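Enquirer: turn this into a model:
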Amino acid sequence: MSTRRPLLAVAVVACACATNRYEGGAESPIRLDTPPAVGWEPGGPYPLNLTVYNASGGRLSLVKPEPDAAQVKVFRDSGELVCQTNRPTEKVYEGWAAIPVSSSSGLTFTVSMVPFCGGKLSPGVYRYEATYLANRCNSGSEFVWTGTLGPQGGRIAIGKDLSTDQAALAAALEATPNALGFAEPTTPGEQGGASGAVAAPAAAAIPVSPEAVRACVDRELAARSLNAYGDPEGTRYEGDKPPVEEGGRILYVASRNAEIRAACKIPGF
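Expert: Numbering: from 1, shown residues only. From the prediction side, this is the model:
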């Protein structure tokens, strides 16, 4: 136990400013990183990868994240709640469940939405919100960061091959529902006027080239002296770089930097 005391003592200092509930955004020292754009196949599976990320500048300890410690809600663009996971309950874990987390790294876990959203989601565009409850340990709990992060979220597009094709996902989020062949709800009277005519589908939005978006983002990053992930040049990462695949790097940067997001007109935002 004595060998871990210095590490845990650092955690107290690092987390002193991050104990408020319902934080966890881009400027928070302890973040809930949520994918800004998610592609799912019709009928599933519906996996959602979430990361509890340490941006405090020092090491800290966290109880290992479990899927049931998060609540995820899926909404239609109109705001209607379609499905949601169970609300997390506060738990107390044994001391061995605490994991040291280095600065600029995080713990990623996957929430499966199939048990909660199976049969309720048709092809289309949705948005989601996630909230995470960081639990405590029954020994040394004063050294483990606890609190509630979120809600943070993003958008979901459901369609064929959208889970594997980043360009198709960006185009799906940019296009209108009718242009994608998705069902679009109507209100009484919209099916046709006095003549009974049905309105023509909206024209498809012209998707931005993935190459052009990537080039724009890299120019904007360079102009601001930021690295490929939107952090200051020279930032050193202990362990892995930010928990995103290269295919999602642009969307990761977009979720954290509103100026670059607007300058490059990144699809999905």
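Enquirer: quick check: Gly147 touching Tyr132?
Expert: No - look at Gly147 against Tyr132 with C-beta atoms under 8 Å: they stay out of range, at 9.2 Å. For every residue, glycine as well, the C-beta is placed using N, CA and C.
Enquirer: more crowded one of these two?
Expert: When Gly147 and Tyr132 are compared for neighbours, Tyr132 comes out ahead with 27 against 18, by other C-beta atoms under 10 Å.
Enquirer: now for the one helix or strand the more buried one maps to, which elements pack on it?
Expert: For Tyr132, the host element (DSSP states H and E) is strand 124-134. Using 3 or more C-beta pairs under 8 Å, 6 or more residues apart in numbering; DSSP states H and E, the elements in contact with strand 124-134 are strand 30-33, strand 47-54, strand 70-76, strand 147-158.
Enquirer: tell me which strands and helices the longest one is in contact with?
Expert: It refers to strand 147-158. strand 30-33, strand 37-40, strand 124-134, helix 166-174.
Enquirer: buried stuff in the third one?
Expert: Neighbour-count burial for strand 124-134, with 16 or more other C-beta atoms under 10 Å as criterion, is recorded at Gly124, Val125, Tyr126, Tyr128, Glu129, Ala130, Thr131, Tyr132, Leu133, Ala134.
Enquirer: so what's the gap between the lengthiest helix in the chain and the chain middle?
Expert: Longest helix in the chain by number of residues, with DSSP state H as the criterion: helix 210-223. Distance of helix 210-223 from the chain centroid (C-alpha atoms, centre = their mean, to the nearest Å) equals 21 Å.
Enquirer: one more: stretch 217-233?
Expert: Its chain's average C-alpha position is 21 Å from that of stretch 217-233, according to C-alpha atoms, centre = their mean.
Enquirer: grab the nearest non-local neighbour of Ala134.
Expert: Leaving aside its chain neighbours, Ala134 sits nearest to Thr146 (5.0 Å; criterion: C-beta to C-beta, 6 or more residues apart in numbering).
Enquirer: against Leu221, how distant is Ala215?
Expert: For Ala215, the distance to Leu221 equals 11 Å [C-beta to C-beta, to the nearest Å].
Enquirer: neighbour count winner among the two?
Expert: Ranked by neighbour count (other C-beta under 10 Å), Ala215 and Leu221 place Leu221 first, with 19 against 12.
Enquirer: so the more buried one sits right up against Ala228, yeah?
Expert: Yes - between Leu221 and Ala228 there is a contact under C-beta under 8 Å: 6.8 Å.
Enquirer: shared neighbours of these two, anything?
Expert: Jointly contacting Leu221 and Ala228 under the rule C-beta atoms under 8 Å, 6 or more residues apart in numbering are Val253.
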